[in-house]
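>>> One predicted model, sequence on top.
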Amino acid sequence: MTDKIYEYKDAENWFLGEWGGFNAISGLGNVCDDAVYELSQQLAKLNTSKCCGNCHGDCHSDDRNGYNVTVVKKSSDFQLIRFVADMINQETNRKLEVTQRVGAVIVTEAEQLLLVHLPENGVEAAAFFGQTSEADFGDTILIATRNEGKTKEFRKMFEKIGIKVENLNDYPDLPEVEETGMTFEENARLKAETISKLTGKMVLADDSGLKVDALGGLPGVWSARFSGPDATDESNNAKLLHELAMVFDHKDRSAQFHTTLVVAAPDKDSLVVEADWPGYIAMEAKGDNGFGYDPLFMVGETGRHAAELTAEEKNNISHRGLAVKKLMEAFPVWQTKQ
């Protein structure tokens, strides 16, 4: 038995674990005991030791070579299964891998299929067995961007729920989708749903921009090309300062960065989440980090410019960071809907 305490916690799940038990999972409070017990029975099979046949009982001299897990809060079976698998891997040098496929949770090791856990209402057989390539096994999401930096950030998020990530660089023959919408959601939907129809894949697209209250919400969906078709960050910032040249009161220079994320899949209603990051437009630029309007954007009441934040600080509080957090909470539920 080790003294290490394992923990996983997010907005919808909270698990605590220790090694040196009997492969047991128990629930606290409002956690459904029947559901937890059924899942506990399934997962216990992942950590059973086999008798050598000549041990006279020595193989089983220590039956407390398992996990004890307490479930404080749970909305995702995937997160609980992955938590238990991670404990087993760390304590026994196993290499269990946990992935999702159309809502089902798959546990494999060294090309061996060990466990398939289905949601309460099951999954569509055609969707589950539709792909036959071993490389394609498990769910994949296509990020509607060619930006590898943005893809890397989304990959970090989706790896946590067992989803593989691709981007448009993996599909060089796909046409560019023009953003002709009048709202952020229209543009994000246009990209996600068009590419999903063309590829038959699950697709994530986003549209982001700056909304300035004194300008009636402009530049809005035209943020990237506010100063014209050949706009640069510098020219966009210069135009923004020009448009606000006669607005002197700090409180009248209020603004919000906005992000809308849309996930689309064939024969499924799209998932939409959005978030705002409130602040003000400064009189002058500050900071060397970030991009776009970050040098002019003052974060809330902090007095700091977005371009003065580190990448980690910005990701924790920005419009995109907040939208991704919302997406990670809503995505597992959306994915299991038929």
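Sure, I can see it.
>>> pLDDT weak spots in the chain?
1-2, 29-33, 49-64, 126-127, 129-138, 337-338 (pLDDT under 70).
>>> contacting residues around the top helix by length along it?
Secondary structure of the chain per DSSP state H: the longest helix is helix 319-336. Helix 319-336 is contacted from outside by 10-12, 75-76, 78-79, 100, 102-103, 119, 121, 139, 153-154, 157, 160-161, 206, 208, 256-261, 263, 271, 273-277, 314-315, using Cβ atoms under 8 Å, 6 or more residues apart in numbering. For the C-beta atoms, the positions are set from N, CA and C on the backbone; glycine is no exception.
>>> The same query, at a cut-off of 7 Å, please.
By Cβ atoms under 7 Å, 6 or more residues apart in numbering, the residues outside helix 319-336 that reach it are 11-12, 76, 78, 103, 119, 157, 161, 208, 257-259, 261, 263, 271, 273-277, 315.
>>> Narrow those to just the buried residues.
When the contacts of helix 319-336 are checked for burial by 16 or more other Cβ atoms under 10 Å, the buried set is 76, 78, 103, 119, 157, 161, 208, 257-259, 261, 263, 271, 273-275, 277.
>>> From the residues you listed, which land in helices?
Using DSSP H, the buried ones among the contacts of helix 319-336 in helices are 78, 157.
>>> Could you list which of the buried ones among the contacts of helix 319-336 belong to strands?
Taking DSSP state E, the ones among those that sit in strands are 208, 257-259, 261, 263, 271, 273-275, 277.
>>> Which residue ranges of the stretch 51-200 of the chain form helices?
77-92, 125-129, 148-159, 184-199 (DSSP state H, counting those that start in this stretch).
>>> export those to JSON lines and tack on distance to residue 27?
Shown next, in JSON lines, are the helices of the stretch 51-200 of the chain (distance: least, Cβ to Cβ, whole Å):
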{"stretch": "helix 77-92", "distance to residue 27": "10"}
{"stretch": "helix 125-129", "distance to residue 27": "28"}
{"stretch": "helix 148-159", "distance to residue 27": "27"}
{"stretch": "helix 184-199", "distance to residue 27": "37"}
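>>> wait, which of those is closest to residue 308?
helix 148-159 (19.7 Å; Cβ to Cβ).
>>> Check the offset of the closest one from the chain's centre.
How far helix 148-159 lies from its chain's middle: 8 Å, per Cα atoms, centre = their mean, to the nearest Å.
>>> okay, the angle between it and helix 319-336?
Here the directions of helix 148-159 and helix 319-336 differ by 40 degrees (axes from the mean of the first three to the mean of the last three Cα atoms, to 10 degrees).
>>> How many residues are close by the nearest residue to residue 292 once chain neighbours are set aside?
For residue 292, ignoring the flanking residues on the chain, the nearest one in space by Cβ to Cβ, 6 or more residues apart in numbering is residue 233 at 5.7 Å. Counted by other Cβ atoms under 10 Å, the residues lying close to residue 233 total 15.
>>> I'd like the distance between residue 233 and residue 239.
11 Å (Cβ to Cβ, to the nearest Å).
>>> ok now do the nearest residue to residue 128 once chain neighbours are set aside, which residues does it touch?
With sequence-adjacent residues excluded and distances taken as Cβ to Cβ, 6+ apart, residue 128 is closest to residue 102, at 5.4 Å. Residue 102 makes contacts with 123-124, 127-128, 139, as judged by Cβ under 7 Å, 6+ apart.
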